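Enquirer: all I have is the shape, not the residue letters:
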């Protein structure tokens, strides 16, 4: 989808020196494959590249106004979903206090390559592409912050899903009409708890509001539970209303 | 304050070629001074540097699940406060859809310099410092997203203030004890409406929760209404409680 107007167009094409980097990483044992939800032991000062699959960034709060975090040990610290890093994209985890950042594989067979920043001295052009990728990610996070500033939770939810699918969504076509793009779909599953953790809400509220967005035709989740933004919300709404009329028992 | 452990230490020192950049900008009419709350007409593709003062980044939502934005023209679009860019720091406004990013001077006499990205070809070392500054800003935004994922508004508020003051806070000393750092203080005023717009809440709620944080001794606002995190929250709390006991009518 990626309709965002941007001057950072370099990030859309594969890195030019990508294959050389992969070869170098394998030679130097700087790559590893992770299973879904496995933590990637990323350290400050290192640069990580997602070669295949997808990485989920997560932040945990160390402070709380109510002091609950320190008192009740049975309550896990609140972990916030901070976004995906897709194949071909770099990430780093530097900042620490008063929140901890962590990275997890979000798909099975997620390949990650790592290097020191000074390793990039060998590939000055590649360094520039990495930097442009970080500039792009920074701009996306500013948009993300824009939607999280909205007062109504349903607006934050729709803004959050729109931004994610704008960045990572793939065209969705049905078997019946393979030429018609019906919408754009997030290629990975995201639980309602994870969505809640991103928008400052709860699993229960997200489930309720997702139903509301679905009944308004603003999102749909087709057959496989992957979140989809319809290409034409109005027609999706009409279809949805027909469905409700025709198949009330479903 | 800046206690965040980071490998991006370059950003703390002044840019090495800073004076040469300023001279170049003045020669080429690439600098301008803005008054407080004046909009900075930043365009995609250009790089901006804050020479003096402070810039406030703001995002406006173009989408809403309730469709209110398009219907009621008398309601201003929700503008979210996205952070400050301090003196010596770069910013750019690239991403657009479905949110609009804008920049405003946050202090009087804010000096801004701008250039095209290719102008940086003349200063390769400076380009690296700019890039490190953007890497740092990106990491700070990940921390910011971490706190906005917290469910309780008071936790988001405290996390938000903590992050801002960690990054921009200046030591606060009283005249009576000039050697004792009593806390770290945000050098610019921020309205409760602006804070609310950052954490997905309202002015009224922020005012109420700021009072709560103050009574717990987690923040204070000394004489001049600038938000301050006490160096030692416990003693501030004790002081606050004494104050409440001794001067109940104040």
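Expert: That came through fine. Keep in mind that what you see is a predicted model, and the values were worked out from it rather than measured. Numbering: from 1, shown residues only, chains lettered A, B, ... in the order given.
Enquirer: helix, strand, or coil at the residue most central in space within chain A?
Expert: Most central in chain A under C-alpha atoms, centre = their mean is residue A:84, positioned 3.0 Å from the mean C-alpha point. For residue A:84, the assignment made with DSSP: H, G, I helix; E, B strand; the rest coil gives strand.
Enquirer: what's the answer for residue A:154, then?
Expert: Per three-state DSSP, residue A:154 ends up helix.
Enquirer: not counting sequence-adjacent ones, nearest residue to it?
Expert: Spatial nearest neighbour of residue A:154, excluding adjacent residues (C-beta to C-beta, 6 or more residues apart in numbering or on different chains): residue B:65 at 4.3 Å. Using the backbone N, CA and C atoms, a C-beta is placed for each residue, glycine as well.
Enquirer: show me what contacts the one you found?
Expert: Contacts for residue B:65 (C-beta atoms under 8 Å, 6 or more residues apart in numbering or on different chains) come out as A:152, A:154-155, A:157-158, A:212-213, A:216, A:218.
Enquirer: in JSON lines, list those along with pLDDT.
Expert: Below are these laid out as JSON lines (pLDDT from 0 to 100):
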{"residue": "A:152", "pLDDT": "93"}
{"residue": "A:154", "pLDDT": "96"}
{"residue": "A:155", "pLDDT": "94"}
{"residue": "A:157", "pLDDT": "96"}
{"residue": "A:158", "pLDDT": "96"}
{"residue": "A:212", "pLDDT": "96"}
{"residue": "A:213", "pLDDT": "96"}
{"residue": "A:216", "pLDDT": "93"}
{"residue": "A:218", "pLDDT": "94"}
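Enquirer: which of those count as buried?
Expert: When the contacts of residue B:65 are checked for burial by 16 or more other C-beta atoms under 10 Å in any protein chain shown, the buried set is A:154-155, A:157-158, A:213, A:216, A:218.
Enquirer: export these as JSON lines, with columns for distance to residue B:42 and secondary structure.
Expert: Output for the buried ones among the contacts of residue B:65, formatted as JSON lines (distance: C-beta to C-beta, whole Å; DSSP: H, G, I helix; E, B strand; the rest coil):
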{"residue": "A:154", "distance to residue B:42": "31", "secondary structure": "helix"}
{"residue": "A:155", "distance to residue B:42": "25", "secondary structure": "helix"}
{"residue": "A:157", "distance to residue B:42": "29", "secondary structure": "helix"}
{"residue": "A:158", "distance to residue B:42": "27", "secondary structure": "helix"}
{"residue": "A:213", "distance to residue B:42": "33", "secondary structure": "helix"}
{"residue": "A:216", "distance to residue B:42": "35", "secondary structure": "coil"}
{"residue": "A:218", "distance to residue B:42": "31", "secondary structure": "coil"}
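Enquirer: distance of residue A:184 from chain B?
Expert: Distance check for residue A:184 against chain B: by C-beta to the nearest C-beta, to the nearest Å, it reads 13 Å.
Enquirer: find the helix or strand that residue A:146 is a member of.
Expert: Per DSSP states H and E, residue A:146 falls inside helix A:124-148.
Enquirer: can you list the residue ranges for strands in chain A?
Expert: Here chain A has its strands, by DSSP state E, at A:31-34, A:39-40, A:46-52, A:54-61, A:79-86, A:90-91, A:99-105, A:110-116, A:170-172, A:183-185, A:228-230.
Enquirer: list the residues that contact residue A:30.
Expert: Counting by C-beta under 8 Å, 6+ apart, residue A:30 makes contact with A:24, A:113-115.
Enquirer: report the helix or strand with the lowest average pLDDT across chain A.
Expert: helix A:68-71 (a mean of 47; mean pLDDT, DSSP states H and E).
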